[in-house]
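Asks: here is the input, now give the coordinates:
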Amino acid sequence: MLYCQVNGQQTNVLSVSDRGFAYGDGIFTTGTINTGCLELCSEHLLRLKLGCSKLQITPPDWVTLGDELKQIAAQFQKAVMKVIITAGQGGRGYSRLGTGEPGVIIQVHAFPEHYALWARQGITLGIAEQKLGLNPMLAGIKHLNRLEQVLIRQELDQCEEDDLLVMNLRDEIVETSCSNVFWQQNGHWFTPELSDSGVEGLARAAMLAKLGQVEIVKAGLSALDDIDAMFICNTVMGVVPVRVFNCRELDISRVLTLESSFS
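Replies: Predicted coordinates:
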């Protein structure tokens with residue numbers, strides 16, 4: 001970790017009474033610092049605002065937070081910034097009664113250098129055995145409850161593939177271990193509908209706007225039998241073509257022609 005700030009102070013110490021630590025009671029967002037600026041800064045702040053609203057977390061001062069993000073990002077040329085907002089410290093058991101101000105943690109990490117290679121050469125994508133649960137109340141937001149993703153990542157660490165496609169309990173395509181997914185068939189782009197599972201990533205929103213006509217669908221694995229191209233995306237890796245999906249080679253040139261949507 002290159003930098004860490006907790007509640008306005010540069011430190012890596014967090015109180016054990018913080019509800020983010022105790023219950024995963026909070027939200028986060030992760031983005032890229034490029035030449036001293038956090039890309040999609042306004043969108044990241046909006047995501048945090050929506051998450052706080054949906055989980056009824058007392059929000060921080062957004063103007064102050066925005067200024068802090070800009071000041072911290074200015075210290076780095078290329079890095080990854082993670083912003084966490086928790087419901088604060090205290091409360092009895094699951095109850096938030098008696099909690100104080102929200103917790104705000106800002107971290108900066110080294111940028112994963114292999115993402116540039118992935119973007120040029122594409123990745124191999126397998127299929128995860130671990131499946132995501134169904135929870136419409138939490139679907140879409142990037143909350144701190146990530147045990148499903150931890151188990152998926154543990155599965156991925158034991159595989160040869162670069163990433164894994166993840167289904168939900170209804171065997172519907174959702175996302176990969178850390179990214180949203182798009183595929184092309186007969187000239188049309190598709191991406192999964194995420195009302196019951198998954199995260200509505202900022203890169204996904206950018207690509208929906210960029211590509212224009214994208215069909216948002218509930219689809220099983222059979223929908224991928226005859227696809228022409230596929231890519232995964234998030235705000236750190238950008239757009240990454242899938243070179244091999246489930247042992248089948250795909251045409252990455254269709255993806256490489258897409259311009260970056262994250263500058």
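
Asks: what packs against the top helix by length along the chain?
Replies: Among the elements of type helix in the chain, defined by DSSP state H, the one spanning the most residues is helix 41-55. Applying 3 or more CB pairs under 8 Å, 6 or more residues apart in numbering; DSSP states H and E, one finds that helix 41-55 makes contact with strand 26-34, helix 62-73, strand 78-86, helix 202-211. Where C-beta positions appear, they are placed from N, C-alpha and C, glycine not excepted.

Asks: OK, contacts around Gly201?
Replies: Taking CB atoms under 8 Å, 6 or more residues apart in numbering as the definition of contact, the neighbours of Gly201 are 179-180, 233-235.

Asks: how much space is there between it and Val174?
Replies: As defined by CB to CB, to the nearest Å, Gly201 lies at a distance of 12 Å from Val174.

Asks: I'd like the contacts of Gly201 laid out as CSV, including pLDDT and neighbour count.
Replies: Below are those laid out as CSV (pLDDT from 0 to 100; neighbours: other CB atoms under 10 Å):
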residue, pLDDT, neighbour count
Ser179, 98, 25
Asn180, 99, 24
Cys233, 98, 25
Asn234, 98, 23
Thr235, 97, 26
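
Asks: switch those over to TSV; also include distance to Ile152.
Replies: Listed next are those as TSV, based on distance: CB to CB, whole Å:
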residue	distance to Ile152
Ser179	12
Asn180	14
Cys233	17
Asn234	15
Thr235	19
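
Asks: in TSV, list the residues you listed along with distance to Ser197 and secondary structure.
Replies: Conversion of the contacts of Gly201 to TSV gives the following (distance: CB to CB, whole Å; DSSP: H, G, I helix; E, B strand; the rest coil):
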residue	distance to Ser197	secondary structure
Ser179	14	coil
Asn180	12	strand
Cys233	18	strand
Asn234	16	strand
Thr235	20	coil
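
Asks: just to revisit the earlier point, now the longest helix of the chain: buried residues?
Replies: Buried residues in helix 41-55, defined by neighbour count with 16 or more other CB atoms under 10 Å: 41, 43-45, 47-49, 51-52, 55.

Asks: between the residues you listed, which is nearest Asn246?
Replies: Out of these, the one with the shortest distance to Asn246 is Arg47. That distance is 31.1 Å, counting by CB to CB.

Asks: the nearest residue to that closest one once chain neighbours are set aside pairs with what?
Replies: Across the structure, with CB to CB, 6 or more residues apart in numbering as the measure, the residue nearest Arg47 apart from its sequence neighbours is Thr29 (5.0 Å). Beta-bridge partners of Thr29, counted by DSSP bridges, are Val83.

Asks: do you know how far Thr29 is from Ser15?
Replies: Taking CB to CB as the measure, Thr29 falls 22 Å from Ser15.

Asks: out of the two, which sits in the busier spot?
Replies: Legend: neighbour count by other CB atoms under 10 Å for Thr29 and Ser15, higher for Thr29 (23 against 16).
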